[in-house]
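> from the sequence below, what's the structure:
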Amino acid sequence: MSTKETRVENRSNPQPRGRSRRMVFRCVAGGLLAWLFAAYFLLPLWWRRYERRHPALDGTYWITRTGNGIPGDPLNVALVGTEKDLQVAMLSAKWFPADPITLRSSLRIAAGTVFDRPYVDAPVSSLYFFGRKQDLAFEQPIGHDPRRRHHVRFWKSDKLDDSGRPLWLGGATLDIAVGLSHTTGQITHHISKAIDPERDKVIDDIRAAGDLLETYWVDDFQEPPQGKNGGGDAWHTDGRLAVGVLRAVP
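Model prediction:
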């Protein structure tokens, strides 16, 4: 066969390498779509149905819920004061208000994770208590790694003290890694099992900043004293609620 005939034959046959690339692209795209559908629709739907059928999965009154109705982080700390009192106390204690979750903030977290850059006010996911998501959220970064941080969410209750100040119920936990949820497969932060040190840190930081008038404890608040949050991470506690009374801001 002549050289000219060989070139004509090669042009007439599809390139195997091109077909292989298209096949790989289709497999990757199909797998990604299947994961998104399962993680953000099928598994949350299954959990809602499964929980209704199994009363043992119902959290106590002092457990938050995810947007899908899955039991979330436990409540373990509370502050008494106005919203201004709480904000001033947390800022003085060097806790930063969390950003809202947006595409920009999500990309910033991803970039920080890859390039090891700090993000002191990275967003936190929404959890629900009193039938609504958190009213306020604060965090403290650990080094330059956005995967690790202290954070706490607060919900304002309608209960007032003798001075007419509300009680803010909070859930303080430590983020230690970014990964996929063990319950839904969604991207999430994973928390440390020990939540009592985070509860104590919130109180200690406010005390050190000079904004804490007194602290008292509610025993046997969290029963049972262990469980799993919405991401499937195990947690345990001594069951006590720390209540801090804040200094009133003039």
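> residues in contact with stretch 159-168?
78-82, 85-86, 135-136, 154-158, 243, 245, 248 (Cβ atoms under 8 Å, 6 or more residues apart in numbering). Every residue, glycine included, has its C-beta placed from N, CA and C.
> generate a PyMOL selection restricted to the buried subset of those.
Listed next is the PyMOL selection for buried residues among the contacts of stretch 159-168, using 16 or more other Cβ atoms under 10 Å:
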select buried, resi 78+79+80+81+82+85+86+135+136+154+155+156+243+245
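> quick one: which of the contacts of stretch 159-168 sit in strands?
78, 79, 80, 136, 154, 155, 156, 157, 158, 243, 245 (DSSP state E).
> beta partners of the first one?
On DSSP bridges, the residues paired with residue 78 through beta bridges are residue 169, residue 243.
> separation between it and residue 141?
24 Å (Cβ to Cβ, to the nearest Å).
> residues in contact with residue 225?
Applying Cβ under 8 Å, 6+ apart, the residues near residue 225 are 236, 237, 238, 239.
> most neighbours, which of these?
Across the contacts of residue 225, neighbour numbers were computed from other Cβ atoms under 10 Å; residue 237 holds the maximum, 20 neighbours.
> mind checking the longest helix of this structure?
If each helix of the chain is counted by residues according to DSSP state H, the longest one is helix 16-37.
> this structure: strands as residue ranges?
Applying DSSP E to the chain gives strands spanning 63-65, 71-74, 77-80, 96-97, 128-129, 132-133, 136-141, 149-160, 166-180, 187-191, 212-218, 226-228, 234-236, 241-246.
> does residue 237 touch residue 196 like I think?
Yes - look at residue 237 against residue 196 with Cβ atoms under 8 Å: they come within range, at 5.4 Å.
> which residues do those two both contact?
Contacts common to residue 237 and residue 196, judged by Cβ under 8 Å, 6+ apart, are residue 76.
> how's the protein carved up into domains?
1-58, 60-246 (automatic domain parsing).
> rank those by pLDDT, which is bottom?
Across the domains of the chain, domain 1-58 has the smallest mean pLDDT, namely a mean of 60.
> circling back: nearest approach to residue 23 belongs to which of the strands of the chain?
strand 166-180 (26.0 Å; Cβ to Cβ).
> now the angle between strand 149-160 and that closest one, please.
150 degrees (axes from the mean of the first three to the mean of the last three Cα atoms, to 10 degrees).
> who's in contact with the residue lying closest to residue 156 once chain neighbours are set aside?
Excluding the flanking residues, the one nearest residue 156 by Cβ to Cβ, 6 or more residues apart in numbering is residue 135, at 5.0 Å. By Cβ under 8 Å, 6+ apart, the contact set of residue 135 is 83, 154, 155, 156, 168.
> so the second one touches residue 137, yeah?
Yes - taking Cβ under 8 Å as the definition, residue 154 is a contact partner of residue 137 at 7.2 Å.
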